[in-house]
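A.B. asks: return a 3D structure for these sequence lines:
(one chain, ligands or ions: 1)
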Amino acid sequence: MIRDEETLQALVDTVARFVRERLVPLEHQVAETDQIPPDVVQDMREMGLFGLTIPEAHGGLGLTMEEEVRVLLELGQTSPAFRSVIGTTVGIGSQGIVFDGTPEQQAKWLPKLASGEMIASFALTEPGAGSDAASLRTTAIKDGDHYVVNGSKRYITNAPQAGLFTLMARTDPANKGAGGVSAFIVDAKSPGISLGLVDRKMGQRGAHTCDVIFENVRVPAANLIGGKEGQGFRMAMRVLDKGRIHIAAICVGVAKRLLRDSLAYAAERQQFGQAIGDFQLVQAMLADSQTEIYAAECMVLDAARRRDSGRPVSTEAACCKLFASEMCGRVADRAVQIFGGAGYMAEYGIERFYRDVRLFRLYEGTSQILQLVIGRNLMREQRG
Ligand code: COS
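C.D. replies: Purely as a prediction, here's the structure:
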């Protein structure tokens with residue numbers, strides 16, 4: 001759903017210009033230094049990017065899913081590390097509070113997130129609980145008007161910068177399944193929280209992940225999201241449904257960028273006395289990439305509209321992320337192929353994208369988990 005096309009288009013154009021003029025020239029530097037320059041983060045704050053999905057009443061732009069997707073299709077057209085600066089605050093780190101937070105929780109935390117004063121991270125994954133998220137072992141045991149949290153979270157994006165964690169922990173140790181899990185807002189400065197070393201990753205340098213260790217961390221009971229125990233896993237799944245559409249839109253954006261770079265190179269690079277793009281075997285690769293990008297873009301926009309209309313999107317979100325992330329991997333692979341030897345060399349940046357996009361098939365649900373979600377939903381519908 002688009003509320004006002006003109007206002008949205010102005011935002012989309014601003015983001016597109018920011019990507020082209022400000023971010024693309026910094027891609028190499030960010031990969032070399034593993035840091036996003038602080039003035040870029042400040043520009044993002046001023047553009048309101050941290051508040052894209054936070055309701056207007058709490059200082060954000062309150063974009064609908066379709067509007068968010070339109071922005072992400074532009075923001076995706078550069079190194080994914082730039083998206084990551086705002087990604088967890090706009091996405092999985094904040095949306096549990098937006099969906100289920102009490103009015104007091106929303107009023108206390110959302111304005112700080114919307115302004116970019118505070119970064120939110122989503123703490124679900126653990127050393128022993130990745131795809132099988134419901135088996136998480138971190139505990140939050142009630143003690144008067146607090147919960148005492150113990151456990152470890154793994155590969156938590158933006159944890160080194162986070163001001164708050166949306167934490168999933170087991171409040172009912174006797175219930176080993178999803179129903180024993182609750183969600184909390186945890187102030188990252190709480191005593192007892194420590195961070196592991198920043199992980200060394202295959203790609204996406206500039207985006208940081210690390211372990212987060214909770215040792216007898218006292219979290220006020222007022223920070224139990226929604227004020228009700230046992231709702232945390234279902235909330236996390238709803239957050240991930242939305243997050244999967246978000247990631248799929250980013251995949252389409254990155255793939256568009258890679259196709260654009262491939263086309264420019266194919267038009268310019270001469271072999272056998274002509275531009276390589278005039279060879280049909282190269283055109284076949286370009287055509288396959290264009291076809292798949294178009295399909296993924298249509299899927300993402302459709303799923304976003306479906307979500308905006310209030311219909312369930314668990315299946316569609318999984319389909320979008322499965323197809324768009326796998327598509328993005330194929331487009332990146334073809335880009336390396338079209339660039340040939342240059343595609344393998346660091347200075348052209350194509351090999352960097354090839355490594356960066358590998359993560360899309362893993363986080364917020366591996367391709368195999370998404371297949372499982374789609375298959376199970378289909379069978380459930382079939383059986384009624
Ligand atoms: N929306 C709302 N509720 C949902 C839901 C969704 N999309 N998906 C599951 N639930 C609910 C179920 O309805 C069930 O509720 P009831 O107990 O009331 O019936 C509960 O959550 C447990 O669901 P389920 O039985 O399907 O859980 P499983 O442990 O079998 O599996 C999967 C769930 C594998 C789908 C889940 O663990 C998953 O998505 N794993 C991947 C996690 C992930 O993406 N990690 C990335 C971390 S963030 S980078």
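
A.B. asks: and stretch 18-35, average pLDDT?
C.D. replies: Mean per-residue pLDDT for stretch 18-35: 98.

A.B. asks: tell me how far A123 lies from G179.
C.D. replies: A123 sits 19 Å away from G179, going by CB to CB, to the nearest Å. Any C-beta I mention is one placed from the backbone N, CA and C, and that applies to glycine too.

A.B. asks: need the strands for the stretch 251-384 of the chain, in chain order.
C.D. replies: Listed in chain order, the strands of the stretch 251-384 of the chain (DSSP state E, counting those that start in this stretch) span 270-271, 274-275.

A.B. asks: and the first one, average pLDDT?
C.D. replies: Mean per-residue pLDDT for strand 270-271: 98.

A.B. asks: adjacent strands (with direction) for that strand?
C.D. replies: Paired neighbours of strand 270-271 in the sheet (DSSP bridges): strand 274-275 (antiparallel).

A.B. asks: quick check, pLDDT for the closest residue to F50 other than its chain neighbours.
C.D. replies: Leaving aside its sequence neighbours, F50 sits nearest to G116 (CB to CB, 6 or more residues apart in numbering; 3.5 Å). With respect to pLDDT, G116 scores 97.

A.B. asks: which phi and psi does G116 have?
C.D. replies: Backbone torsions for G116, taken as degrees, to the nearest 10, come to phi 80, psi 10.

A.B. asks: dump the residue contacts of it.
C.D. replies: V41, M44, R45, L49, F50, G51, I86, T89 (CB atoms under 8 Å, 6 or more residues apart in numbering).

A.B. asks: cool, G232 as well?
C.D. replies: When contacts are counted by CB under 8 Å, 6+ apart, G232 touches M168, A169, T171, V181, S182, A183, F184, I225.

A.B. asks: quick check, the residue in the stretch 201-350 of the chain closest to the ligand?
C.D. replies: Closest to the ligand within the stretch 201-350 of the chain is M237: 3.3 Å, counting by CB to the nearest ligand atom.

A.B. asks: in the host helix or strand of that residue, what's buried?
C.D. replies: If you go by DSSP states H and E, M237 is part of helix 232-268. By 16 or more other CB atoms under 10 Å, the buried positions in helix 232-268 come out as 232-233, 235-259, 261-263, 265-266.

A.B. asks: chain center to it: distance?
C.D. replies: Counting by CA atoms, centre = their mean, to the nearest Å, helix 232-268 is centred 9 Å from the centre of its parent chain.

A.B. asks: please apply the same query to stretch 296-309.
C.D. replies: Using CA atoms, centre = their mean, the offset of stretch 296-309 from its chain centre is 17 Å.

A.B. asks: do stretch 295-307 as well
C.D. replies: Chain-centre distance of stretch 295-307: 16 Å, with CA atoms, centre = their mean.
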